[in-house]
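Asks: Mind folding the following:
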Amino acid sequence: MKTFVTCARLALTLWKPNASRELIRKTVKARLSTYKPLLPESNKGTTEAKYFVDYKEVEVFGGDGGDGCMSFAKYPHVEFAGPDGGDGGNGGHVIFIASNMKKSLNKLESTVQGIRGIDGSSRNCHGATMTHTYIQVPLGTVISSTNGQELANLECDGDYYVGGRGGAGGRGNKFFLSNENRAPTVAEKGAKGEYQCLRVELRTMANVGLIGFPNAGKSTLLRSITRAKPKVAAYPFTTRNPFVGIMEFSDHVQITVADIPGLITGAHKNMGLGFSFLQHIQRCTCLLYVIDLSYTEPWTQYKALQYELEQYKEGLSTRPCLIVANKVDLSVAKQNLDVLKAHVDLPVLAISAAKKIGLEELMIEIRQLYERHASKADKEKTEERNKVS
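Replies: All right, here's what the predicted structure looks like:
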């Protein structure tokens, strides 16, 4: 909306009786094509943000059906007025629905219970069928069973999946009235709701993922280029869960960046909680290898990280990426940076996340990397969706 207002105001400013539409179009395009990264203002708050949740196992119980009623009508001077027990109401479903207002699974409960139907009552009163329980999840949520079978892929706003169907209401004794049985004394219990144990996960967690070994400076970098506040300390494995921040630009473009917990050698064998960390990486469109320049052979970090990614999932190491050489402010950084550039065939951006050196150039490179490959990723996703349908 802001971009539209800017264009409208600029067009009115440039308009003249003899002004051509082509001139106005070129001027507007030139104005909007210039952008600059917006570094977050220093935040003195000490409260740490909650980590990002991109996977949860959820037990789903559909609502039980209401019980049928066993009752007989009572009228003056009528000894056998017949049965009048009503049916129970149906239980409510539990429905997962995709919403563009949701960004993570932080508030998703581990157990979701549907609403039980109302019992039937006398005088042929049927119990109410209960409303469904709707659970909002982000776009791109994949729901699968515990054995790995994919049940639903909620890509678009409004897509839904019924995780647990409500049970049918029990029938009252009025239902069993027949010529052979004029006074039925039986009524049904409501059926139990459907139970499922589901895996709920996000297919795409962030546009860009920061990966590296422990203490490489990933959390400090995320704090420096976004408003996210992951914990920062001088010991390894400070980050044990992913954090996501939003990188902003002057033309209102936003790119999500995820701080992935540090990997160690052997992560593809599930060493150091390797599987739980690596699964976050495959949900990022682009990757940033954060290399610590305080090590004398920094290129070995990059090679080791690529090896772990490829061993975990074939093709994961070939995703669009950049190498970020952190801690350039150290005395040994200059020599190690030259060695790193000589051993890798990717662009290397030297920064200091702690001293805020080279961050604007890095943010521009990240945006260019993402924009080059975002449309391609969307096209592949569309083709994959068409194959499934």
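
Asks: how about low-confidence regions in the protein?
Replies: Counting by pLDDT under 70, the ranges of the chain that qualify are 1-34, 42-51, 230-240, 262, 264-277, 375-389.

Asks: rerun that using 50 as the cut-off
Replies: Within the chain, the set of residues satisfying pLDDT under 50 comprises 10, 13-19, 24, 28, 31-32, 234-236, 268, 270, 382, 388-389.

Asks: where exactly do the helices run in it?
Replies: 2-14, 21-33, 218-225, 274-281, 299-312, 333-343, 359-388 (DSSP state H).

Asks: what helices or strands is the third one leaning on?
Replies: In this structure, helix 218-225 packs against strand 206-211, strand 243-249, strand 254-259, strand 321-326, helix 359-388, with contacts taken as 3 or more CB pairs under 8 Å, 6 or more residues apart in numbering; DSSP states H and E. All C-beta atoms are positioned from the backbone trio N, CA, C, and that covers glycine.

Asks: please redo it, this time with the cut-off set to 7 Å
Replies: Contact analysis of helix 218-225 by 3 or more CB pairs under 7 Å, 6 or more residues apart in numbering; DSSP states H and E lists strand 206-211, strand 243-249, strand 254-259, helix 359-388 as its packing neighbours.

Asks: gap between the residue of the chain most remote from its centre and Phe243?
Replies: Among the C-alpha atoms of the chain, the one most distant from their mean position (CA atoms, centre = their mean) is that of His77, at 67.3 Å. Counting by CB to CB, to the nearest Å, the separation of His77 from Phe243 is 77 Å.

Asks: List the contacts of the nearest residue to Tyr55 once chain neighbours are set aside.
Replies: Counting by CB to CB, 6 or more residues apart in numbering, the nearest residue to Tyr55 once its immediate chain neighbours are dropped is Glu201, at 4.4 Å. For Glu201, the contact set (CB atoms under 7 Å, 6 or more residues apart in numbering) comprises 54-55, 142.

Asks: among those, who's most crowded?
Replies: Taking other CB atoms under 10 Å to define a neighbour, the member of these with the most is Asp54, carrying 24 neighbours.

Asks: thought that residue was touching His280?
Replies: Yes: using CB atoms under 7 Å as the test, Asp54 is close enough to His280 to be in contact (6.4 Å).

Asks: so what's Met184 up against?
Replies: Residue 184: Pro, not Met. For Pro184, the residues meeting the contact criterion (CB under 7 Å, 6+ apart) are 83, 173, 176-177.

Asks: What's the local residue count around the closest residue to it other than its chain neighbours?
Replies: In space, Pro184 comes closest to Phe176 once its chain neighbours are excluded; the distance is 3.8 Å by CB to CB, 6+ apart. Counted by other CB under 10 Å, the residues lying close to Phe176 total 18.
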